[in-house]
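K.L.:
Okay, sequence plus prediction incoming.
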Amino acid sequence: MSSPLVQLSSVSKHFGSQRVLDGLDWQVAPGQVIGLLGRNGAGKSTLLECMLGLRELDGGRVALFGEASGALSEQARARIGYVPQKPDLFDWLTPDQMLDYFKAMYPRWNTAKVEGLLSRWGFDALMRGKQIRKMSGGEQQRLAIVRALAHDPDLLVLDEPVSALDPVGRREFLRELVDDVIERGTTVVFSTHILSDLERVAFDLAFLRDGKIALQGQTDALIEGARRVLVPATMLPDRKLEGEVRRVREGAMVSLIVQEQGGAVARLAAEPGVRIEKLSLEDLFIEVTR
Amino acid sequence: MSAAALHDVHRIWNVSTLQRDPRTIKFLNGFALLLTAAIPIVGGVSLVREHTLPLALLLRILVGIAGFWMTVVWVWLFVPAAVLMNSASNARLMPRQRRRLLQMAFGGWLLVTLALTTAFGKWPVFPLVGMYVLGFALMRAGNLQAVALTVVPGFYPLLSKQVLPATLVQTLSGDAGLLATSGLLMAGAAWSMSRLYPAAGDRHLAMRGEQLKRMSRSGHAGLAAPRDSHGFMTAPGLRLYAAILRRDCRVPRPARMAMHALGPMAHWSAWTSTIAMLVLLHLAGFAFVLVRGEAATRDFITGFSWGGLSGLGFMISFGTAQVRQQVERTRGEQALLLLTPLAGDKPLLNRRLAARMLHGALLQWAALTLTVVALGTLFGGADLMLRQFAVCCLGGQVALASLFGDFARTPKLGVSKGVLLGVLTLAEVALAAGLGWLSGSLALWTWPWLVAISVAAAALQVRHGWKVMLAAPVAFPAGRLG
Amino acid sequence: MPAHTAHLFSIATGSSEPIYRQLVEQVRRLAAAGQLQPGDEMPSVREIAQALALNPMTVSKAYGLLEMDGVLARRRGLGMVVAERTAPAPALERAALLRPALERAALEARQLELDPDTVLTLFATILKEKP
C-alpha cells in the first residue's frame, strides 16, 4: 500500500480546558474520497485546520505529503486546495481580481478549467466584475470551490462547502466533484452534515467524537452493516460484542447498535425474541456520535 | 427625577460603562486622581507668589478634571454602548429604556459641556464646547462626517471676523445672542441624539445594519457589527487600490501579497482620497484668504492651529488602528494566504509583514505631514509650519506605537491600551510644555521639544514592537492562540 | 441496439440499502422485466457517475458485481452490455428478485415465532388468492 497522503498521529488540541482533539490518529490514503462526520462543535473544522498547519498542535504530529504540516514546502502547498467554511473571503474583490490574486501565487494554474467552471456555473462577464460581497451565499461558495480547484490540487480539503447551496446547487457541486476531481484521482477530505451528499460521493467515512476518530470504514459497508438489535437483557453477555457501537437499556430489552454483524451478533440474531432493524446512515450517525 | 428613574439611570450606566470596561474606568480614576495634584500645586504656587488662594480657579480646575473624566466615559463608552443597547427590537419592546437612553445621552452631553465651560471660565464658549463634544460623540458612534463639528469651533475667530456679517456677530456675542445660540445648540443636540437612538419601526430596522457598520469603522467593533472590509473608502480610492493590486499580481512579491490579504483598508492607498480632500479644502481656504487680506490670514492660522489639530491627530492615529482592525477581521483570508506557495516559509512572514506595515504607516504619515506642513507654510510661515510638524510627529508616534504586536495572540488593540496611548500623548505634550518653559519661552520652545520627544518615543516604540513581532509566532491566522 | 442513458437509474439516499446495491437491484429488475435486452449498451461508469453525482468507484463496484453474476458483460470497444442469458433460467432469475421480500417475511415470521410449515401454508393460500 502506498504511503498515506495525510497522517495524523496522537494529535491533541485544546482550547483552555476543553480538549477538542485528544490523541487522534488518522490516515488518508492517496486517491481516497473520505467524509468527515461529527456533531456541531465536535471539532471537525479544528481538525481540518490542524491538518493543514493553520493551528499549532498541543501534541502529536501531522504529516502532509510526508512533510510536517507546520512547515510545508512550496511544492507541498501548491498541491493543496482548501475550501474553508466561510465562503465570503476577499469579499472586497471581484471574482476576476480574486482569481488573479491567487493565480499570481501558484506556479500552476489551469485557466481553461477556471473559465470552464465559471461559465458552467453562471458567472458571466457582469458577475465577474461584481464585488464578491454583493453575491449570494451560493454564488460565493461556488466561487470558493473554483478557486480551490484552479491549481489542480492533489489534495482537496472541504469544510462544509455546500452549506449555503440549495439542493440543485449541491447536486451540481457534487457532479463537478465527481467529474473534475475524483476522476483525476485527487484525494478529497470532505466535512459536512449533509449525509445524502456523502452517501453519493464519499467512498469512506470517518466519525469524529470526543476528540478521536470513533469509527471509520467504507460507506457501503457501514450502511450495509449497521443494525439495531433489540435483545432481551438476559440473553446479552456483559462484554462488548464484536462490531458493537453502543448499547442502551430500555426496560427489559437492550437496544444494541452494531456497525457490522460479527459472529456473536449473527448468532444472537437467529434467536427467537430478538428483533433486528436495518439502520440508515443518519441513524448510524446519531448513534455513533452520541 | 423619581427614585425609579434614578434607579433606571444607575442600572443603564452600570451596564454601559462600569461593567463593560472596568479596566478603563479604574485607569481613568487613577489618572483623574493624579491630575487633582495640580490643585494643591497651583494653590501653593499662588500662595507663595501672590499670597492669595484663588479659590475660584482651583474650583474650576476641579470641575475641569471631573468634566474631563465624564467626557471620556460618556463619549468613549456610553454613547456607543447605548447605540448597541437600542436595537430595533429593544426600542420596540422596551420604550422606557430608549427614553432613559435619550435622557442620559442628552443629559450627559449637557453636563459635560457645562463642566468644561465652567473650567474655561468664560460663558461665551458654551456653544463652541458643546459643538466640540457633540462632534466627538457622533464620530464615536460612527458618523465620521461629524468631524466638521469638531473643526468649526476652532475656526470661530476667523468666522466671526471675516465670514459672518459684523452685526450678526455682535448680536451673537451679546447675552441674548448667547442664550439663543445655546438654545439652538441644545435643540440640535437633542435632535442628533434622537437620530442616534431611533424609535423602533421599519426605518430603524433598515438603518440598523448600516449604523452598526459605521460604528465598527470608528473602532468600536461590537459583536453585532457586520463584516465591512472597505469601510469609508470611496470609489476612486478603491480604483487606486485595484490598480495597485493589478500591478502586484503581475510581479508578485511575498510581502506585498501578504498585505493584500488584509484588504484595502489596511493599505496606504486608503487615505489618498482623504488627503486629496484635505488639500482641496485648504487650497479653497487659501484662495478665500487671499481675497480677504492680511487680517483674515492671521485668524485663519489661529483657526487652523486649533481646529485642524483634532482632525489631524485623529486621522494619523486612525490610520494604523485600521490596520490592526483588519488583521483581526481577515483571519479566513490569512489562512488561505498561508497555504499558497508564494507566501513563503512561516518564519519569514512576521518580518515581511512588519516591514510592509512600517512602510505603509511611514508613507501615510509622510504624505499627511507633507501636506499639512506645506499648507501651513503657505499660510503662516515657519512658525505655523513648526507647530503643525510637531503635531504630526505626535500623531505619527501614536500611530506607530499601536502598529506592531503579537498578532497570533492579540490582533486587536484593546480599549484600555488605546486610552493608555491617549494619556501618554497628553503626558508628552505636558513634558514638552514643561521643557519649553524651562528653555525660556513656552510658545517658542514647546514645539521643537515635542518633535524631539515624539520622534524619540516613536523610535523606541518601533524598535520594541519590531522585536516583539519578530519573536512572536507566525502572525497569520491572527488571534488563534488565546 | 438501443443505447441506454444514465436516466435508467434512480437512487435514493438515506435508505438502509447502499447505493451500489440499489444499482445492482435496478439492473437485475430491468433485465428480468425485459426493458434491458441482451446486447443493449449500458451507460458508461463515468456517465452514470456524472448524471447521478456518484463516486465512480461505487458505480464500478455495481458493474463489477453484475458482471460477476453474468447479468452484464464487458465488450471491447462498447463498454458494458447486457449479457446473453446463458446460465440462470429466466424464471430462476426472476425468483431471485423475490428474495429480499421473502427474507423480510421470514424475519417477521421468526419474530412472531411461527413455524415454517404454518408460514408456507399461508403463503400458498395467498398465492392462490385472486388479486
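P.N.:
Thanks, I have the structure now. Residues are numbered from 1 along each chain as shown, chains lettered A, B, ... in the order given.
K.L.:
any idea how far the most centrally placed residue in chain C is from residue A:187?
P.N.:
Nearest to the geometric centre of chain C sits residue C:25, at 2.3 Å (CA atoms, centre = their mean). As judged by CB to CB, to the nearest Å, residue C:25 and residue A:187 stand 31 Å apart. In this view, the C-beta of every residue, glycine as well, is placed from N, C-alpha and C.
K.L.:
repeat for residue B:283
P.N.:
In terms of CB to CB, residue B:283 sits 62 Å off from residue A:187.
K.L.:
So which of those two has more stuff around it?
P.N.:
A direct count of neighbours by other CB atoms under 10 Å in any protein chain shown for residue B:283 and residue A:187 places residue A:187 higher, at 23 against 12.
K.L.:
elements contacting the helix or strand encompassing residue C:59?
P.N.:
Using DSSP states H and E, residue C:59 falls within helix C:56-68. Counting contacts by 3 or more CB pairs under 8 Å, 6 or more residues apart in numbering or on different chains; DSSP states H and E, helix C:56-68 packs against helix C:19-33, helix C:45-52, strand C:72-75, strand C:79-82.
K.L.:
Can you show me the CA trace of it as CSV?
P.N.:
Extracted C-alpha coordinates of helix C:56-68, given in CSV (Å, rounded to 0.1, in the frame of the first residue of the first chain):
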residue,chain,number,x,y,z
PRO,C,56,-17.3,6.3,-9.9
MET,C,57,-16.0,3.6,-7.7
THR,C,58,-19.5,2.9,-6.5
VAL,C,59,-20.7,2.5,-10.0
SER,C,60,-17.7,0.3,-10.9
LYS,C,61,-18.5,-1.8,-7.9
ALA,C,62,-22.1,-2.3,-9.0
TYR,C,63,-21.0,-3.1,-12.6
GLY,C,64,-18.3,-5.4,-11.3
LEU,C,65,-20.9,-7.4,-9.3
LEU,C,66,-23.3,-7.5,-12.2
GLU,C,67,-20.5,-8.8,-14.5
MET,C,68,-19.6,-11.5,-12.0
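K.L.:
For that helix, buried residues please.
P.N.:
Neighbour-count burial for helix C:56-68 flags C:56, C:57, C:58, C:59, C:61, C:62, C:63, C:64, C:65, C:66 (criterion: 16 or more other CB atoms under 10 Å in any protein chain shown).
K.L.:
Switch the residues you listed over to a markdown table; also include pLDDT.
P.N.:
Conversion of the buried residues of helix C:56-68 to a markdown table gives the following (pLDDT from 0 to 100):
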| residue | pLDDT |
| --- | --- |
| C:56 | 92 |
| C:57 | 92 |
| C:58 | 93 |
| C:59 | 93 |
| C:61 | 93 |
| C:62 | 94 |
| C:63 | 93 |
| C:64 | 93 |
| C:65 | 92 |
| C:66 | 91 |
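K.L.:
and of these, the nearest to residue C:99?
P.N.:
residue C:65 (15.0 Å; CB to CB).
K.L.:
OK, contacts around the closest one?
P.N.:
Taking CB atoms under 8 Å, 6 or more residues apart in numbering or on different chains, we find residue C:65 in contact with C:20, C:24.
K.L.:
Let's see that with 10 Å instead.
P.N.:
Neighbouring residues of residue C:65 by CB atoms under 10 Å, 6 or more residues apart in numbering or on different chains: C:20, C:21, C:23, C:24, C:27, C:71, C:72.
K.L.:
and these, which two are the farthest apart?
P.N.:
C:21 and C:72 (15.3 Å).
K.L.:
of all of the stretch 251-400 of chain B, which residue lies closest to chain C?
P.N.:
residue B:339 (25.7 Å; CB to the nearest CB).
K.L.:
neighbours around that residue, how many?
P.N.:
22.
K.L.:
cool, and the one 4 residues further on?
P.N.:
Using other CB under 10 Å, the number of residues around residue B:343 comes to 23.
K.L.:
wait, doesn't it sit right on residue B:260?
P.N.:
No. Residue B:343 is beyond contact range of residue B:260, at 11.4 Å (criterion: CB atoms under 10 Å).
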